[in-house]
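> Here is my input, please return the structure:
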Amino acid sequence: MQKNFSLALVSAAFLIGAAAGSMTAMTVADGGELAAFFGDMVEGARDGALRNSFWRVLTPNLMWPGMILLFGFSPAGLVGIPACMLVKGFLVSYSVSAIFRAFGLDGIWLALTSIGLPNLVYVPVLVIVSVLGLRATGGARRVSPYFHGLVLGVFIGLAAFQAYLQPRIAAWLLLKYI
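Here you go, the predicted model:
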């Protein structure tokens, strides 16, 4: 029962954050700064200078699971873990909505490459980590260290994808569709 409640709570927090992010992006400024930023990205793609640093990408990828892990050690995790998922949902949805607002339908390729591809793996793994963190705050049995190693490997693999492959895919799609 607690496992299902934890999953429902984490999922609801993410979805509420996503709805709030989408509504916020549609009500704030016209996206001129974002359009300028991604315009520079398109120029970088044309020049072949679109690159990410592995360490610059790894740090934010480990920030969310790190916070959830820390919250999992204390009763504050009952509020902190859903709050983390709410904020993550807000940020993902706000980013996608702002790109659509700035670029219209042409922004779909930009949103898919810059936000969609990594988050197709990142968010479900983060939900699993959050559910396990909530269960740990409730006194549930700790998870195997091998599982922690697997999760860490997934996040490091995502950082490698974002640093090395994603810029190439983004450059190709940006040059082809935008």
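> which residues touch the residue minimising distance to the centre of the chain?
Nearest residue to the geometric centre of the chain (Cα atoms, centre = their mean): Asn119, 5.0 Å. Residues counted as contacts of Asn119 (Cβ atoms under 8 Å, 6 or more residues apart in numbering) are Val92. In short, each C-beta sits where N, CA and C put it, glycine included.
> quick one, helices of the chain?
Secondary structure of the chain by DSSP state H: the helices cover 2-27, 32-47, 54-71, 77-103, 107-111, 117-137, 145-160, 166-177.
> which stretch in those has the least confidence?
Mean pLDDT values for the helices of the chain show the minimum at helix 32-47, a mean of 65.
> do you know how far Met85 is from Arg56?
Using Cβ to Cβ, to the nearest Å, Met85 is found at 24 Å from Arg56.
> let me fix that: Asp106
Asp106 is 27 Å from Arg56, by Cβ to Cβ.
> likewise Leu126?
The gap separating Leu126 from Arg56 is 19 Å, by Cβ to Cβ.
> neighbour-wise, which of these two wins?
Counted by other Cβ atoms under 10 Å, Leu126 and Arg56 do not tie: Leu126 has more neighbours, with 23 against 11.
> List the residues that contact the more buried one.
Trp64, Pro65, Ile68, Met85, Lys88.
> What of Phe14?
Contacts of Phe14 by Cβ under 8 Å, 6+ apart are Met85, Leu86, Lys88, Gly89, Val123, Val127.
> Which of those ranks first by neighbour count?
Ranking those using other Cβ under 10 Å puts Met85 first, with 29 neighbours.
> Would you agree it is in contact with Ala13?
Yes - between Met85 and Ala13 there is a contact under Cβ atoms under 8 Å: 4.3 Å.
> of all the contacts of Leu126, which two lie farthest apart?
Taking Cβ to Cβ, the two most distant members of these are Pro65 and Met85; they sit 11.5 Å apart.
> The contacts of Phe14 into a markdown table, with extra columns for distance to Thr27?
Supplementary listing: the contacts of Phe14 in a markdown table, determined by distance: Cβ to Cβ, whole Å:
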| residue | distance to Thr27 |
| --- | --- |
| Met85 | 23 |
| Leu86 | 18 |
| Lys88 | 20 |
| Gly89 | 17 |
| Val123 | 24 |
| Val127 | 27 |
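> Go through those residues and say which is closest to Ala25.
Ala25 has its nearest neighbour among those in Gly89, at 12.7 Å by Cβ to Cβ.
> Setting aside sequence neighbours, what's the nearest residue to the closest one?
For Gly89, ignoring the flanking residues on the chain, the nearest one in space by Cβ to Cβ, 6 or more residues apart in numbering is Gly17 at 2.9 Å.
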